[in-house]
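Participant: Sequence plus the predicted model coming up.
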Amino acid sequence: MVLEELGAYLSTGCGILSVVHRHALQPAGKLLRPLLLVQSAIAVGGSAYPVLPAALGLELLHVGSLVHDDIVDGDTERRGRPAVHQRFGTDRAIVGADALFFQPFALLAACRQRGVPDERIVTATGLLAEAGEQLSQGVMLELDQAGTLPATPSEYFQMAGLKTSPLLSGACRIGAVLAGASQASTASLGRYGHALGLAFQARDDLLPYDTPHERAGKPADSDLANRRPTLPVLLGHRLAGAPDRCLLEALLAEGAGDGDARARMDAVLRRTGALDAARKLIEGQVRECHRALSELQPGPAVTELAALADRMEARPAAQTRSPAR
């Protein structure tokens, strides 16, 4: 359903902006945020058709943020293709992503044509703006942490709770609001989305060590090259003895992104048990997801949301390319 909405959206544009958007949006990723919005609406008694424009809007916002991420990180590939700025230049990539950031508001308004009352759209629009603001705060915090190690996992989750969780939690809350859910059900779905976002970010941090060739459509050494303190590195630093702790600090400070640096990082994290410790924290967030869902009426959509959370615990099979974000 979302792919059909996406196809219709891409078919209406013309000019270089549309060319940039088609390159950024196709092939589509996992469509996680649209899925969360639609399933959340269904979970509280709504249906998919009225909220599909809003679901597409969240995917456009997410992809716009990825375009900016690739520019900030200096990554040249996304989903097995040249990154947008690599293909069209940085100037056009920035403008193209900016245009994607405006579309979710127009698409939320389009839900009115499918029977969603105005007051629900107004509330959902506020939630969307809130999610975008929090996402920006999280990215800024991540930039500030570059080359350093947060003192505790709680500091890491503070960053992840701003960078990754807002769009997931926002998708759940927006779907619930558009479907007319109660405040209690909307809050429960919001808590589910927040915990899912924390698990998702931690899972993403683990992917270079489970699927070492490529992470989420971008190079596995991107985080190390950008001196980004991921959860396994934080945990490895806490669990390591003095020599390994110094090595982790040096690798992170240098931002060395070559294969040798990644191999040395991998070796430290494995012998300290940091990867297993990270998986334990993911399990804790998955339990939080289930606690939040337990406050809703059981049904197929709730079951699907629970299964989605459970998949965060699964270790991906060895592969050359991990699923696109």
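Facilitator: Looks like it came in fine. Numbers count the residues shown, from 1 in each chain.

Participant: Where do the strands of this protein begin and end?
Facilitator: Remark: strands assigned in the chain by DSSP state E are 77-78, 81-82, 214-215, 218-219.

Participant: between those, which gets the lowest average pLDDT?
Facilitator: Looking at the strands of the chain, the lowest mean pLDDT belongs to strand 214-215 (a mean of 48).

Participant: List the contacts of Y192.
Facilitator: Y192 makes contacts with S169, C172, E288, C289, A292, L293, L305, A309, as judged by CB atoms under 8 Å, 6 or more residues apart in numbering. All C-beta atoms are positioned from the backbone trio N, CA, C, and that covers glycine.

Participant: Now do it against S294, distance only.
Facilitator: 10 Å (CB to CB, to the nearest Å).

Participant: Could you do R33 as well?
Facilitator: 23 Å.

Participant: ok, now L108?
Facilitator: Taking CB to CB, one finds L108 at 29 Å from S294.

Participant: do E4 as well
Facilitator: In this view, E4 and S294 are 33 Å apart by CB to CB.

Participant: what's the neighbour count on the closest residue to R191 other than its chain neighbours?
Facilitator: Here the nearest residue to R191 in space, its sequence neighbours aside, is A292; by CB to CB, 6 or more residues apart in numbering that works out to 4.1 Å. Residues near A292, counting by other CB atoms under 10 Å, number 23.

Participant: quick one, what contacts A292?
Facilitator: S188, L189, R191, Y192, A195.

Participant: Please apply the same query to V139.
Facilitator: Applying CB under 8 Å, 6+ apart, the residues near V139 are D69, V72, K163.

Participant: Then D98?
Facilitator: D98 neighbours (CB under 8 Å, 6+ apart): G64.

Participant: what do you get for G46?
Facilitator: Here G46 is in contact with G175, L178, A179, G180, A181 (criterion: CB under 8 Å, 6+ apart).

Participant: Of these - the most surrounded one?
Facilitator: G175 (33 neighbours).

Participant: The nearest residue to it once chain neighbours are set aside: neighbouring residues, count only.
Facilitator: Distances taken as CB to CB, 6+ apart put S40 closest to G175, at 3.4 Å, once the chain neighbours are dropped. By the criterion of other CB under 10 Å, S40 has 33 neighbours.

Participant: is it true that S40 touches L189?
Facilitator: Yes. Between S40 and L189 there is a contact at 4.9 Å, judged by CB atoms under 8 Å.

Participant: centroid residue for the protein?
Facilitator: Geometric centre of the chain, nearest residue: T164, 4.9 Å, by CA atoms, centre = their mean.

Participant: show me the contacts for V63.
Facilitator: A24, L25, G29, A97, L100.
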